[in-house]
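> How does the following fold in three dimensions:
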Amino acid sequence: MQLTRTLPDRVIDWFEERLRIRGVIEYLINEPMPTGARTLYLGGVTLFFFIVQAITGMLLVIYYRPTPEAAYESILLIMNQVRFGWLIRSLHAWSANLMILACIGHMLRVYFQGAYKKPRELTWMVGVLLLAVTLVFGFTGYLLPWDQTAYWASTVGTEIAGAIPLVGEPMLNVLRAGNDITGMTLSRFFGIHVLILPATILALLAAHILLIHQIGLFDPTHRWMGPHQDH
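Just a heads-up that it's a prediction; the model follows:
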């Protein structure tokens with residue numbers, strides 16, 4: 001009987017015997033979802049755009065060089081010489097904007113539907129942190145082309161951070177790696193963009209999804225039916 005089984009089936013069975021993941025997958029697929037929680041699927045849309053960002057970002061970093069002398073030239077190389085480079089960079093740029101819009105839309109939906117209330121306060125707090133990290137992602141990535149637009153936009157952005165009372169000046173020095181935007185600033189933004197922020201957002205995403213599965217999704221169709229009706 002074993003000889004009649006296809007190779008993919010045997011490979012799947014081999015992994016199942018060692019990892020026991022079939023039950024987990026079935027649980028995730030068959031987990032009940034409140035009807036009203038499906039509104040626009042903005043949380044899933046945000047996650048989708050993050051996955052697009054991760055894939056296109058890994059492809060871009062193969063050719064990108066984070067130095068003042070080579071950064072802009074590497075962008076031109078990607079856009080003009082690398083096969084489908086223009087498409088990959090365009091997908092990365094557009095999905096970054098759409099990810100921010102979807103994330104803000106998701107937060108607004110949660111707020112106006114009251115889905116942040118007890119017992120989902122921690123889920124909301126982690127979501128706010130995810131929005132903040134997403135905005136920092138966009139800000140740090142904006143400098144990487146190292147053109148005039150990126151330079152002056154980053155100058156203004158860091159000046160705004162520097163205007164914060166008490167912590168503004170130290171924050172400005174940390175962001176710029178000095179008093180002015182230089183090659184060190186570019187290297188710092190690149191490191192933050194491709195190392196620190198991805199690790200942070202993955203940890204927050206894991207916590208967010210864990211909380212969602214632990215506490216459950218809010219069903220807006222039950223919001224007037226009392227707390228014991230909300231599952």
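> going forward, measure contacts and count neighbours with C-alpha atoms only.
Noted.
> tell me the SS of the spatially most central residue of the chain?
Residue closest to the mean C-alpha point of the chain, counted by C-alpha atoms, centre = their mean, is Phe50 at 4.3 Å. Under DSSP: H, G, I helix; E, B strand; the rest coil, Phe50 falls in the helix class.
> And for it, nearest residue in space, chain neighbours not counted?
Spatial nearest neighbour of Phe50, chain neighbours left out: Met99 (6.7 Å); criterion: C-alpha to C-alpha, 6 or more residues apart in numbering.
> can you pull the contacts of the one you found?
Val45, Thr46, Leu47, Phe49, Phe50 (C-alpha atoms under 8 Å, 6 or more residues apart in numbering).
> any idea how far it is from Val110?
Met99 sits 16 Å away from Val110, taking C-alpha to C-alpha, to the nearest Å as the criterion.
> Val136 too?
Where Val110 is concerned, Val136 sits at a distance of 21 Å (C-alpha to C-alpha).
> Neighbour count: the two, which is higher?
More crowded of Val136 and Val110, by other C-alpha atoms under 10 Å: Val110, with 19 against 15.
> Now do the same for the more buried one: its pLDDT.
Looking at Val110, its pLDDT reads 91.
> Ramachandran angles for it?
With angles defined as degrees, to the nearest 10, Val110 sits at phi -60, psi -40.
> do the same with the one 4 residues further on
Main-chain torsions, Gly114, degrees, to the nearest 10: phi 70, psi 20.
> For burial, what's the neighbour tally of it?
15.
> what's the closest non-adjacent residue to Ser154?
Leu143 (6.2 Å).
> returning to what we had before: check contacts around the residue nearest to the centre of the chain.
Ser95, Ala96, Met99.
> Could you verify my assumption that the residue nearest to Ser154 touches Ile192?
No - under the criterion of C-alpha atoms under 8 Å, Leu143 makes no contact with Ile192, lying 11.7 Å away.
> neighbour-wise, which of those two wins?
Between Leu143 and Ile192, counted using other C-alpha under 10 Å, the more crowded position is Leu143 (23 against 18).
> quick one: contacts for that one?
Contacts of Leu143 by C-alpha under 8 Å, 6+ apart are Ala150, Tyr151, Ala153, Ser154, Leu186, Phe189.
> which ones among those residues are found in strands?
Among these, no member falls in strands (DSSP state E).
> quick one: low-confidence ranges for the chain?
For the chain, the stretches with pLDDT under 70 are 1-4, 34-40, 221-231.
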